[in-house]
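here is a sequence together with a model predicted from it:
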Amino acid sequence: MVEGSMTQGAGQGPDVERTATLRDFRVPAYMNETGPYAQGSHAVEPVPPTEGGYPVAAEGYPEDGYTPTERDLPVIKRGDTLQASVDPVPAPVPQPATGPGPLFVVGDVHGYLDQLVAALQEQGLVDSAGHWCAGTARLWFLGDFTDRGPDGIGVIDLVMRLSAEAAAAGGYCKALMGNHELLLLGARRFGDTPVNSGAGTATFQAAWLLNGGQKSDMDRLQDHHLQWMARLDAVEEVDGYLLVHSDTTAYLDYGDSIEEVNDNVREALTRNDADEVWDLFRKFTKRFSFRDEGGADAVRSLLDTYGGTRIVHGHSPIPYLLGEVGSEDGDESTGPVVAGPHVYADGLAIAMDGGVTMAGKLLVQQLPLDN
């Protein structure tokens, strides 16, 4: 377990500042890399970086906003860094004599299906064939199943299947809404329809491409995937843990109870208004509310409103939160090493995005933590 401060790139609120140790994040141009959308009529022109590698925001750009002219997360190609190895040795999940089974949470997956299966096997949740073998265990995914990685639709298919298999065994497998689910829904529904971004023309299609959208995922996206994503909850409380995707207080904009937040998010998606869905996506893309001075108070505002004694989130990769990549010392000879969740904000927050997109580790963690 590690404790420390958090830092990250774009998408943060106006009251949050980037720490000086990460000014030199590099943002590789998606459209210059080999990939499904590297060339073609839908390609987005790379944005010229400013000092520190960040694109120039359009005039009038709201500080708490988000436009497709800024990537939400600097992406380091997996081949550029060392990968933390996962040894998937299945071990049986201990089953209680009575009551609910043990609780597990999963960080951001982003299309890395093989790494997900290995991590689930390592925790004894699925067998060698990828089927549920954990009995009454309870498994929560914290969102962001697609984009950046090679098989986002395969990840969704696996989670949907495990949900049925776990329920049949007396346990459950459930999932939360991440900002990339909103992004994929918006790209499919609204495409190149202009939205009111507060900084000129923006579209879901451009934002999706700029943030790792994969043509293979879009080609295989079916109605049942869309319906499943649109029905996901945004917030849940389990065993005293408040589960969310993003490290932001923006959830408070959608209600004073968990039920109200989830209902309002679903209703916004049902109304199918491009500007409203964009605003939802923009708010769920915010980050860093729990770091630095005032971070613990931000966590408490959510816990006091929705319940729980600790918050568990994904969204902001631990390697960036700890400054282990893109630091000013320029030493990038070793890649990020993620041993487990990151505990911070006076011990009230647990970060679960191990940075699988940058050769970190896809985290599957049993709660409570050992320490």
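Nice, thanks for sending it over. Residues are numbered from 1 along each chain as shown.

Leu252 contacts Ala298, correct?
No. Judged on Cβ atoms under 8 Å, Leu252 makes no contact with Ala298 at a distance of 9.8 Å. No exception for glycine: its C-beta is placed from N, CA and C like everyone else's.

higher neighbour count, these two?
Shown here are Leu252 and Ala298; by other Cβ atoms under 10 Å, Ala298 has more neighbours (25 against 14).

how much space is there between the more buried one and Ser289?
Using Cβ to Cβ, to the nearest Å, Ala298 is found at 5 Å from Ser289.

any shared contact partners between those two?
Shared contacts of Ala298 and Ser289 (Cβ atoms under 8 Å, 6 or more residues apart in numbering): Thr249.

name the next helix or strand downstream of the lowest-mean-pLDDT helix or strand in the chain, please.
Lowest by mean pLDDT, DSSP states H and E among the helices and strands of the chain is strand 2-3, with a mean of 42. Going down the chain from strand 2-3, the next helix or strand is strand 103-106, by DSSP states H and E.

so in that sheet, which strands flank that following strand, and in what orientation?
Sheet pairing of strand 103-106 (DSSP bridges) gives strand 138-141 (parallel), strand 364-367 (antiparallel).

residues touching that strand, excluding its own?
For strand 103-106, using Cβ under 8 Å, 6+ apart, the contacting residues are 116, 119-120, 123, 125, 137-142, 238-239, 241, 243, 312, 352, 362-367.

cutoff 10 Å now
By Cβ atoms under 10 Å, 6 or more residues apart in numbering, the residues outside strand 103-106 that reach it are 93, 116, 119-120, 123-125, 134, 137-143, 145, 159, 171, 173, 175-176, 238-239, 241, 243, 312-314, 341, 350, 352, 362-368.

ok, the spatially most central residue of the chain - contacts?
With distances taken as Cα atoms, centre = their mean, His315 lies nearest the centre of the chain, 3.4 Å away. If you count contacts by Cβ under 10 Å, 6+ apart, His315 has them with 8, 11, 72-73, 107-108, 142-144, 178-180, 244-248, 284-288, 351-353.

how about it: what's its closest non-neighbour residue?
Nearest residue to His315 in three dimensions, chain neighbours excluded: Ser246, at 4.4 Å (Cβ to Cβ, 6 or more residues apart in numbering).

state whether that neighbour and Leu280 are indeed in contact, as I suppose.
No. Applying Cβ atoms under 10 Å as the test, Ser246 and Leu280 come out as separate, 11.4 Å apart.

which residues do these two both contact?
Met177, Asn179, Ala234.

Ala274: which of those is nearest?
Relative to Ala274, the closest of those is Asn179; by Cβ to Cβ it sits at 16.1 Å.

from Phe145, how far out is the closest residue to that closest one other than its chain neighbours?
Nearest residue to Asn179 in three dimensions, chain neighbours excluded: Phe284, at 4.2 Å (Cβ to Cβ, 6+ apart). The gap separating Phe284 from Phe145 is 14 Å, by Cβ to Cβ.

ok, those two, which is more surrounded?
Neighbour count, other Cβ under 10 Å: between Phe284 and Phe145, Phe145 has more, with 32 against 28.

quick revisit: among the contacts of strand 103-106, name the buried ones.
93, 116, 119-120, 123-125, 134, 137-143, 145, 159, 171, 173, 175-176, 238, 241, 243, 312-314, 341, 350, 352, 362-367 (16 or more other Cβ atoms under 10 Å).

which ones among the residues you listed lie within strands?
138-141, 173, 175, 238, 241, 243, 312-313, 350, 364-367 (DSSP state E).

let me know the closest of these to Met229.
Ala175 (8.9 Å).

I figured that closest one hits Phe141, correct?
Yes. The pair Ala175 / Phe141 is scored as a contact, 4.0 Å apart, by Cβ under 10 Å.

find the residues that touch each one of those two.
Val106, Ile156, Val159, Leu162, Ser163, Leu232, His245.
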